[in-house]
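Asks: Sequence and predicted structure, then a few things I'm wondering about:
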Amino acid sequence: MKKIIVCFFVALIFVSTWGCGLNLEKEAENLNTYTASLEFDEENHTLSGNMKVDFCNKSNSTLNELKFNIYPNAFRENSAQPVISLAKSKECYYNGESYGNIEISKVQGANTSSFEICGSDENILKVNLQSPIQPTQSTSIEMEFVITLPNISHRFGYGENTINFGNFLPTLCVFENGKWQEIEYHSNGDPFYSEVANYHITFSYPENMILASTGICLDTQIFEGIATKTISAPAVRDFAMVLSDKFSVVSKEVDGIEVKYFYHSDLNFTTSLETAVKAVATFNNLFGKYPYGELSVVEANFCIGGMEFPNLVLIGDTIDNYDSYQMVIVHEIAHQWWYGVVGNNQTSYAWLDEGLTEFSTALFYEKNAGYNLTYEQIISNANTNMQVFSKVFSDVVGKVDTSMNRNLSDFETENEYIYSTYVEGMLLFDGLKNLLSEKVLIKCLKNYFTTFAFKTVTPADMIASFEKTSSLNLEPFFNSWIQGKVVFTS
Ligand SMILES: [Zn+2]
C-alpha cells in the first residue's frame, strides 16, 4: 500500500512539474514496458534477475517473433569484435583479460513457444511466438537471466571505484523497414539503437553501496545488510545504473530538475556540479526543457572519456585535465537532448547525435563565460584538426574519406570515425549557423527537439525539419558535408 501511495504522489509531481514542457506522463502511455527484479552479487560481480516485457506491435507487419539486443555477450570470450580499440585495450583491461556475458535460462509467456540466442555474434535473443501478433496487438513475455560483469573500465563492467551497468538489460530491437534491426557491437562509438520505453526496476545490492540510476527512486528498503530500491523510469531510451561504496553525492535544483553529482575523487566537486547545472540551464533555454525530474552525473571508471545514458552520464575518472573533464560533463549532458530525448540509430548515423552534441557543447561555451575555452577557439581548433587529419590521411594513405553516413564498422580507423562524426559534425552545424544566423538555427533546433521528442530520426528527418523552419532548401548544404565533399585546407 505504501508503494501505491508513493507512486500516486510521484505521478502528481510529474503532472505539475512537466505540465509546461514535453508531457512525460502522456508519452509514457502505451509504451513498451520492462518490469525487472534484479539482485547484485558483489563477490561474483553477477546480476541475477527476472524481467517481464509488455510489448505492443506498433508496426504495420505481422510479427512471428520478438528480437532483443543482448549487449553483454559482446564482452564474452572469443566474441567476434573487441569491445575496445587496441590502443585503449591495456588501459581499460587494467587487470588483464576479463569476460562478461548474459545467460538466459528461461523465456516464457502465454504466446511464447521457444527462444534462441542468435545473430551474427550471439548478440540477439529471438523469442518465437505461438501465434503471430497483428498490428496493434500486445503480448507479454517473462525471462530469467544471470549477467556477469567483466573487470574493465567500460560502460559495462567493474573497476576499482565503480560498478557500471550500462546497456545490460535485454532490449527490444527497433522494428524498422519491415525487420528487426539487429545491432552489432563495435569498439568505435556507441553501437546502440533503441526506442523509448517505461522501466520499473527493483534492485537489491549491499547497503554500504550508493546507487546512481536512470529514473526516480520511489522507495528504499533495508533488510539484513541488503538495500532494495524501487525505481520508476518512464519514457526513457535505456536504463543504466552505477554502484560504488566510495561515492559522495551533492545536488542542486535547476528549472525544477534535480541535478546530482556522484563523485569519489573529484576535489573540485562543487565546480563540477555547477558546470552540470549550467549545462542543463543552457540547453533548457536553447533547445527546450529536459522533460525528466532528475539527472545524475557520475564520476566513474571509464577509460574513454564519458558516456551518455538516459538521466545518467558517466564521466571518466582518469581524465587528468580539469578543463577536459568539465567539457566531457557538458558534452554528455547535451546528449540528454540529442540521443536521450531525440534518438537515432547510433550505428548508422553517429554524426546526428555526436555532431550536434559537440556543436551544443561549443554553444555552451559561447553562452557561459569564465571557462578557459570560447566558441571561437573550439571551432578554430576543429578546423585545424580537420585540415591536419585530411592532410595526414591524404599523404599516408593516398586518399581521405570524410563521408559521414557510414556504419560504425565502415570507418577504417577510430580516428576516421572521430573526425567524420564529432569534428566534421560540429563544423557542419557551425557552417549552418553561418548560413542561417544563430537565431534561425536555434529556432530549427527547438522545433526539431519538440517535433521528434521521444522518437527516432534519420538525417532526412533532420533536413526536412530544418527546411520547414528556415523555409530554405538545405539539402545541397547537408549533402556536401554528408558526402564528404567539403575540402579542409588552411
Ligand atoms: Zn558523445
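Replies: Looks like it arrived, so ask away. Quantities reported herein were computed from a predicted structural model and do not represent experimental measurements.
Asks: Let me know whether residue 39 touches residue 204 as I believe.
Replies: Yes: if you go by CB atoms under 8 Å, residue 39 and residue 204 touch, sitting 4.6 Å apart. Yep, even glycine has a C-beta here, placed from its N, CA and C like the rest.
Asks: more neighbours, the two?
Replies: Per other CB atoms under 10 Å, whichever of residue 39 and residue 204 has more neighbours is residue 204, with 19 against 16.
Asks: Tell me the pLDDT of the more buried one.
Replies: Residue 204 carries a pLDDT score of 98 in this model.
Asks: swap in residue 7?
Replies: As predicted, residue 7 sits at a pLDDT of 33.
Asks: As a check, name the ranges of all helices in this structure.
Replies: Under the criterion DSSP state H, the chain contains helices at 2-18, 24-28, 86-92, 269-287, 322-334, 350-367, 375-397, 414-418, 424-436, 438-452, 459-470, 475-482.
Asks: Check whether stretch 310-327 comes near the ion.
Replies: No: judged by CB under 5 Å from the ion, stretch 310-327 makes no contact with the ion; its nearest approach is 9.6 Å.
Asks: Would you pull up how far that stretch lies from the middle of the chain?
Replies: 15 Å (CA atoms, centre = their mean, to the nearest Å).
Asks: Could you give the bridge partners of the residue nearest the centre of the chain?
Replies: The structure's the chain has its C-alpha centroid closest to residue 309; by CA atoms, centre = their mean the separation is 3.7 Å. Residue 309 has the following beta-bridge partners by DSSP bridges: residue 312.
Asks: For it, give me its contacts.
Replies: Going by CB atoms under 8 Å, 6 or more residues apart in numbering, residue 309 touches 166, 214, 238-240.
Asks: out of those, which one sits closest to residue 249?
Replies: When these are compared for distance to residue 249 (CB to CB), residue 214 wins out at 16.0 Å.
Asks: which residues touch that closest one?
Replies: Counting by CB under 8 Å, 6+ apart, residue 214 has contacts 199, 231, 233, 236, 238-241, 309-312.
Asks: any chance of those residues in JSON lines, plus pLDDT?
Replies: Converted to JSON lines, the contacts of residue 214 look like this (pLDDT from 0 to 100):
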{"residue": "199", "pLDDT": "98"}
{"residue": "231", "pLDDT": "98"}
{"residue": "233", "pLDDT": "98"}
{"residue": "236", "pLDDT": "98"}
{"residue": "238", "pLDDT": "98"}
{"residue": "239", "pLDDT": "98"}
{"residue": "240", "pLDDT": "98"}
{"residue": "241", "pLDDT": "98"}
{"residue": "309", "pLDDT": "98"}
{"residue": "310", "pLDDT": "98"}
{"residue": "311", "pLDDT": "98"}
{"residue": "312", "pLDDT": "98"}
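Asks: give me every residue that touches residue 221.
Replies: With CB under 8 Å, 6+ apart, residue 221 has these contacts: 227-228.
Asks: tally of neighbours for the residue nearest to residue 44 when sequence neighbours are not counted?
Replies: Of all residues not flanking residue 44 in the chain, residue 148 sits nearest, at 7.5 Å (CB to CB, 6 or more residues apart in numbering). Other residues near residue 148 come to 18 when the count uses other CB under 10 Å.
Asks: So what pairs up with residue 148 in the strands?
Replies: Assessed by DSSP bridges, residue 148 has beta-bridge partners residue 46, residue 101.
Asks: quick revisit: residue 60 is nearest to which of the helices of the chain?
Replies: Among those, helix 459-470 sits nearest to residue 60 (CB to CB), with 18.7 Å.
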